[in-house]
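# Build me a model:
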Amino acid sequence: MNAMISPESDGGVREIVDSDAAHYAAQGYVVVRDLIPKSQVAQLLDLYAKQIAPSRHPFFRQNTNAYEPNKMSSRGHVRQSFLDIHDYRLFPEFSRAARDIFCAPSMMSALRRVARFESFALMQSMFFDLNTETPGHQDWYYLDTVPNGHLVAAWIALEDIDERAGRFFVAPGSQNHDFGPKIPGRTHKDWLSVIGAYIDDRRAEISSPALRSGDVLFWNSRTVHGSLPTQDESYSRKSLTAHYLPGGFEFGNLFAVKTGIPYKDHHGVRYYRNQPDFSHWNRLKFAVKTRAYNYPVFREMLRSVRDAVKRRDPSS
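Numbering: from 1, shown residues only. Take a look at the predicted model:
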């Protein structure tokens, strides 16, 4: 992805109104201003500073797909991202504050207005302190509704995001483009390269809105999105992401369906945590799983073995 993509000015961001459901359907994203109360943001950031940032516990990282302890910058910001923060066993107070944001009535209302579904379950979450420069991708490769294409994601600013921190971007209209993830022999790396070329060819069309604390950008599971490069690491980019499954759909991705999901409940909103807490077994298991993601043939072979084991022992 080219580093010269320019952020969109404040004036270029659409506030949510009823017609923006059509904007979301046509462009693949929409911005909602001041959706999350400042008090909830402050509470979460206070708990993060007291409990999570100083911790030496190995957390699973979305940007490296591995269990790692925090790596700090010279300014005291954590370099890696955090995955599935909404259900940490060792940090229940922090996770509860995160769920209060993810499952808030205002969030559920905005999801209904944007995506036109009646109910949603929280399926995945992330926390970012510094920008991890996530390359352009589509979520449905990793998680989605089944049938595909209806998962809704949200990027939540926890501070006023400075341009130099590396803003979140989306490619408007990309939800209608097929990048061939199921082409035989195409690896995950190859697929990302195809999307990267698509972004480079459309630099002028990329949208990277200036988001302030409490603003939320919603996008569709098919919409290409990622992070612009960091220009100055002294600027943090504290933010959340969440992925929501509309009611009436099964959960999975482009390649598989996940059944028997053990949902929990937070104030009437179902939620699920896919990524377990650290253990040496989980570290080994997800190291193998991460390698399998890049090689579709290997991934399908592992799934066949898993399914065969389950048929012989349903309790496994």
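
# Show the contacting residues for K264.
K264 is in contact with D87, R270, Y271, Y272, R273, counting by Cβ atoms under 8 Å, 6 or more residues apart in numbering. Every C-beta, even on glycine, is put in place using the N, C-alpha and C of the backbone.

# Can you tell me which of the residues you listed has the largest number of neighbours?
Y271 (24 neighbours; other Cβ atoms under 10 Å).

# so that one makes contact with Q124?
No. Taking contacts as Cβ atoms under 8 Å, Y271 lies outside contact range of Q124: 9.6 Å.

# helix/strand/coil for the nearest residue in space to R283 that is not next to it in sequence?
Among residues not flanking R283 along the chain, Y67 sits closest, at 4.8 Å (Cβ to Cβ, 6 or more residues apart in numbering). The three-state label given to Y67 by DSSP: H, G, I helix; E, B strand; the rest coil is strand.

# Look at Y67 and say how many residues are nearby.
22.

# what does A26 give?
Neighbours of A26 (other Cβ under 10 Å): 14.

# what's near enough to touch it?
Contacts of A26 (Cβ under 8 Å, 6+ apart): G173.

# how far does the host helix or strand of it sit from the chain's center?
In this assignment (DSSP states H and E), A26 forms part of helix 20-27. Relative to its chain's centre, helix 20-27 lies at 20 Å (Cα atoms, centre = their mean, to the nearest Å).

# Now do the buried residues in that helix.
D20, A21, H23, Y24, Q27 (16 or more other Cβ atoms under 10 Å).

# Same question for stretch 249-258.
Using 16+ other Cβ under 10 Å as the test for burial, stretch 249-258 gives F249, F251, G252, N253, L254, F255.

# In strands, which of these fall?
Residues of the buried residues of stretch 249-258 located in strands (DSSP state E): F251, G252.

# the helices in the stretch 101-250 of the chain, which residues?
Secondary structure of the stretch 101-250 of the chain, counting by DSSP state H, counting those that start in this stretch: helices at 105-115, 188-201.

# just to revisit the earlier point, can you dump the C-alpha atoms of the helix holding A26 in CSV for me?
The C-alpha coordinates for helix 20-27 follow below in CSV (Å, rounded to 0.1, in the frame of the first residue of the first chain):
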residue,chain,number,x,y,z
ASP,A,20,-26.9,6.6,5.5
ALA,A,21,-28.1,3.0,5.6
ALA,A,22,-28.2,3.5,1.9
HIS,A,23,-24.7,5.1,2.0
TYR,A,24,-23.4,2.1,4.0
ALA,A,25,-24.9,-0.3,1.5
ALA,A,26,-23.4,1.6,-1.5
GLN,A,27,-20.0,2.6,-0.1
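
# Let me know the next secondary structure element after that helix.
With DSSP H and E, the next secondary element past helix 20-27 is strand 29-32.

# S106 - how many residues pack around it?
15.

# Same check on the one 3 residues further on?
For S109, the tally of surrounding residues (other Cβ under 10 Å) stands at 12.

# For it, give me its contacts.
Contacts of S109 by Cβ under 8 Å, 6+ apart: none found.

# sorry, back to before: reformat the buried residues of helix 20-27 into TSV and put pLDDT and distance to S81 next to each item.
As requested, the buried residues of helix 20-27 are arranged in TSV below (pLDDT from 0 to 100; distance: Cβ to Cβ, whole Å):
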residue	pLDDT	distance to S81
D20	77	28
A21	91	30
H23	88	28
Y24	96	25
Q27	96	26
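
# Closest one of those to K289?
Closest to K289 out of the buried residues of helix 20-27 is Y24 (31.8 Å), distances taken as Cβ to Cβ.

# Test my guess that the closest one contacts F218.
Yes. Contact criterion Cβ under 8 Å: Y24 and F218 qualify, at 6.6 Å.

# What distance do you get for S74 to E233?
Per Cβ to Cβ, to the nearest Å, S74 is found 8 Å from E233.

# of the two, who's got more company?
Taking other Cβ under 10 Å, S74 and E233 do not tie; E233 has more neighbours (16 against 7).

# thinking again about what came up before, any chance of the buried residues of stretch 249-258 in TSV, with pLDDT and distance to N63 too?
Compiled in TSV, the buried residues of stretch 249-258 are given as follows (pLDDT from 0 to 100; distance: Cβ to Cβ, whole Å):
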residue	pLDDT	distance to N63
F249	98	27
F251	98	23
G252	97	23
N253	96	19
L254	94	21
F255	91	22
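
# What is the nearest of the buried residues of stretch 249-258 to F94?
Looking across the buried residues of stretch 249-258 and measuring by Cβ to Cβ, the closest to F94 is F251, at 24.8 Å.

# List the residues that contact the closest one.
If you count contacts by Cβ under 8 Å, 6+ apart, F251 has them with M123, L143, D144, T145, V146, L245, V257, K258, I261, Y272.
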